[in-house]
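Asks: got a sequence here, can you build the structure:
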Amino acid sequence: MSADQISRRGFLGTGAAAGAGLLWTSAMGGCALPVGGRVVTPHSAESGKAKNIIFLVADGMNTGTWTLADYWLQKQQNKRTEWVNLYAEQLVQRSLMETCSANSLVTDSAAAGSSWSCGQRINNGAINFDPDGNSLVTIHDRIKKSGRSTGLVTTTRMTHATPASFASSVSSRGMEDEIALQYLNNGVDVLLGGGARHFSAQTRKDGEDLFGKYKASGYQVLQTRNELLAPTRQSSDKILGTFWQTHLPYSIDWNQQPKIAQRVPKLSEMMRVALKSLDRNPNGFLLQVEGGRVDHAGHGNDPGAIVHDQLAFDECIKVALEFSQENPETLVVVTTDHGCGGCQLNGVGASYVDTDSTFYEGIGAIRASYEYLKNQHKTLPREEFRDLVEELIQLSLTDAQIDTLDEHKDGLYEVSNYLRKWHDPFKRTGVNFTSSNHTGEFVELSSWGPGSGLLNAWIKNTDVNQVMRKVLELS
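Replies: The predicted model follows:
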């Protein structure tokens, strides 16, 4: 579908009728809260033109994940998530998006992000490379030609598939050292996330000091939360911030471990810094913000991690709302690239009457990710590790179980997988997963601001590229 084919008529014919039923009221049952009264700029029709785009991605978010986060926030703070409130208050255009890649009904993040970036479906594993081996034009390339700035913010490695899809072209998503170099050569203005190992001479395979090259090119190079948020930090148009060697820690561990919180910024904090920097360009910008560890928690079947990372992502929606209220020429898109893990809350007990208590008590009792415990297993003495697991997830390990973990301590996922198996999150929380893989369902996409009416009630992932190009008047 071309940009010219994405019409207001399509929205009126399919989206408006669906939108009429989006208002949440107390008549919908015990879990609904009263509707608020915020105001955002209504979405524009086909003629809407934007200066900026904020593109928010909760990577790997099943609808079940979205639901769990909302239920948990209602219980803890007596309010709904920002994303649900967008629908409850009828503030946005709501779309359902098909996520297929060129060679599979179930996409990976590389192909999914590339569909938004280059406007074509490509094979899983490639980033802006077509099946014939041709490099494709990215959305970043088009944005820069228009005089705008670009930014990428993520909780994964900066060089991971979703951020990479907006600003690089490689035949394999595993080429992360090359992606880090392409960011510099392509002139991405703001880069905030994890993945320091792909910029450091000590850990890059080619030994290149990319930190030094970025500094020489005028970037502020930051590695701690304090450096990022320091009141004395000078404003800059170009920032590279890498706050962990690999992916940033899960939000549940950020919440529980002060040493992590001291070093690593929250996703919403990185987003605010990125917006402040990018907004210095009078021509506008494109900013992608990814809650990437939602996907990882889905792969890991970790209910505690998935709830808290989804909530950390949700905070970014509030940031986007605030910015777009002050800058109404901004199109905001909130979506996911695919589902992951098939996360769902299941009925518990006779007539499901034990569901609520099982979920709320079970999630509340989890105070660490399986990944965090796996990492602690590498360094802690046996009895200290046993006590830590008991304290953080209420699992009493036997000697035989610890022996099993010791046998697999050098494995990538084995320790986490054993902890999950023995912890039995379904029994403790009512949350279950269909697999550790991506899933192929249609996914949520919400939008507001100029041109959001072009995003019809049902779209393909490639249509998003056409809309972005149309509203920004890109070639």
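
Asks: could you use CA atoms for every contact and neighbour count after this?
Replies: Will do.

Asks: which SSE is residue 321 in?
Replies: Residue 321 belongs to helix 303-326 when elements are defined using DSSP states H and E.

Asks: now do residue 360
Replies: Per DSSP H and E: helix 355-364 holds residue 360.

Asks: tabulate the CA atom coordinates of that helix in PDB.
Replies: Taking C-alpha atoms only, helix 355-364 is exported to PDB below (Å, rounded to 0.1, in the frame of the first residue of the first chain):
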ATOM      1  CA  THR A 355      -7.100 -16.000  40.200                       C
ATOM      2  CA  ASP A 356      -6.800 -12.600  41.800                       C
ATOM      3  CA  SER A 357      -5.100 -13.600  45.000                       C
ATOM      4  CA  THR A 358      -2.700 -15.900  43.200                       C
ATOM      5  CA  PHE A 359      -1.700 -13.300  40.700                       C
ATOM      6  CA  TYR A 360      -1.300 -10.300  43.100                       C
ATOM      7  CA  GLU A 361       0.400 -12.300  45.800                       C
ATOM      8  CA  GLY A 362       2.600 -14.200  43.400                       C
ATOM      9  CA  ILE A 363       3.900 -11.200  41.500                       C
ATOM     10  CA  GLY A 364       4.300  -9.300  44.700                       C
END
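
Asks: helix or strand next in line after that helix, which one?
Replies: The helix or strand immediately downstream of helix 355-364 is helix 370-377, counting by DSSP H and E.

Asks: check which helices and strands that following helix is in contact with.
Replies: Judged by 3 or more Cα pairs under 8 Å, 6 or more residues apart in numbering; DSSP states H and E, helix 370-377 is in contact with helix 382-393, helix 414-423.

Asks: nearest to residue 218, out of these?
Replies: When the helices and strands packed on helix 370-377 are compared by Cα to Cα, helix 414-423 sits nearest residue 218, at 40.8 Å.

Asks: max-length strand in this protein?
Replies: strand 149-157 (DSSP state E).

Asks: so what angle separates the directions of that one and helix 303-326?
Replies: Going by axes from the mean of the first three to the mean of the last three Cα atoms, to 10 degrees, strand 149-157 is angled at 170 degrees with respect to helix 303-326.

Asks: strand partners (parallel or antiparallel) of strand 149-157?
Replies: strand 190-194 (parallel), strand 285-290 (parallel) (DSSP bridges).

Asks: and the helix holding residue 321, what's its mean pLDDT?
Replies: In this model, helix 303-326 carries a mean pLDDT of 98.

Asks: do stretch 290-300 as well
Replies: 98.

Asks: so what touches that stretch?
Replies: Residues outside stretch 290-300 that contact it (Cα atoms under 8 Å, 6 or more residues apart in numbering) are 56-61, 153-156, 162-163, 250, 267, 303, 305-306, 309-310, 312-313, 339-343, 416-417, 433, 435-438.

Asks: list buried residues within those residues.
Replies: Applying 16 or more other Cα atoms under 10 Å to these, the neighbour count classes 56-61, 153-156, 162-163, 250, 267, 303, 305-306, 309-310, 312-313, 339-343, 416-417, 433, 436-438 as buried.

Asks: who's in contact with residue 96?
Replies: Applying Cα under 8 Å, 6+ apart, the residues contacting residue 96 are 442-445, 457-459.

Asks: and those, which is closest to residue 229?
Replies: Closest to residue 229, out of all of those and judged by Cα to Cα, is residue 445, at 30.8 Å.

Asks: quick one: neighbours of the closest one, just the number.
Replies: Residues lying near residue 445 (other Cα atoms under 10 Å) number 25.

Asks: gap between it and residue 260?
Replies: 32 Å (Cα to Cα, to the nearest Å).

Asks: buried sites along the helix holding residue 321?
Replies: 303-318, 320-321, 323-324.

Asks: could you do stretch 400-419 as well?
Replies: So stretch 400-419, judged by 16+ other Cα under 10 Å, has buried residues 402, 405, 409, 414-419.

Asks: of those, closest to residue 189?
Replies: Lowest distance from residue 189 to the buried residues of stretch 400-419 (Cα to Cα) belongs to residue 416, with 36.3 Å.

Asks: can you tell me how far the closest one is from residue 424?
Replies: Per Cα to Cα, residue 416 is found 12 Å from residue 424.

Asks: just the strands in this structure please.
Replies: So, for the chain - with DSSP E - the strands run 52-57, 93-98, 149-157, 190-194, 220-222, 239-242, 285-290, 330-335, 339-340, 344-345, 431-432, 438-439, 443-448, 458-460.

Asks: and those strands, which is most packed in?
Replies: Ranked by mean neighbour count, those are led by strand 339-340 with a mean of 30 (mean count of other Cα atoms under 10 Å).

Asks: could you chop the protein up by domain?
Replies: For the chain, automatic domain parsing gives the domain ranges 18-344+441-471, 368-425.

Asks: least confident of those, on average?
Replies: Ranked by mean pLDDT, these bottom out at domain 18-344+441-471, with a mean of 93.

Asks: from the chain's centroid, how far away is that domain?
Replies: Relative to its chain's centre, domain 18-344+441-471 lies at 5 Å (Cα atoms, centre = their mean, to the nearest Å).

Asks: same thing with stretch 393-410?
Replies: Computed by Cα atoms, centre = their mean, the chain-centroid distance of stretch 393-410 equals 31 Å.

Asks: gap between the two ends of it?
Replies: Using Cα to Cα, first and last residues of stretch 393-410 are 22 Å apart.

Asks: quick one: residues in contact with it.
Replies: 365-368, 377-378, 382, 386, 389-390, 414-415, 418, 422-423.

Asks: make a PyMOL selection of the buried ones in those residues.
Replies: What follows is the PyMOL syntax for the buried subset of the contacts of stretch 393-410, where burial is set by 16+ other Cα under 10 Å:
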select buried, resi 365+366+367+368+377+386+389+414+415+418+423
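
Asks: and of the contacts of stretch 393-410, the nearest to residue 127?
Replies: Nearest to residue 127 among those, counting by Cα to Cα, is residue 414 at 28.9 Å.

Asks: neighbours around residue 357, how many?
Replies: By other Cα under 10 Å, neighbour count at residue 357 equals 13.

Asks: I should have written residue 346 there, sorry.
Replies: 16.

Asks: and what of residue 381?
Replies: 10.

Asks: got it, and residue 128?
Replies: For residue 128, the count of nearby residues is 35 (other Cα under 10 Å).

Asks: verify the stated contact: it with residue 119.
Replies: No: Residue 128 is not in contact with residue 119 according to Cα atoms under 8 Å; the separation is 9.2 Å.
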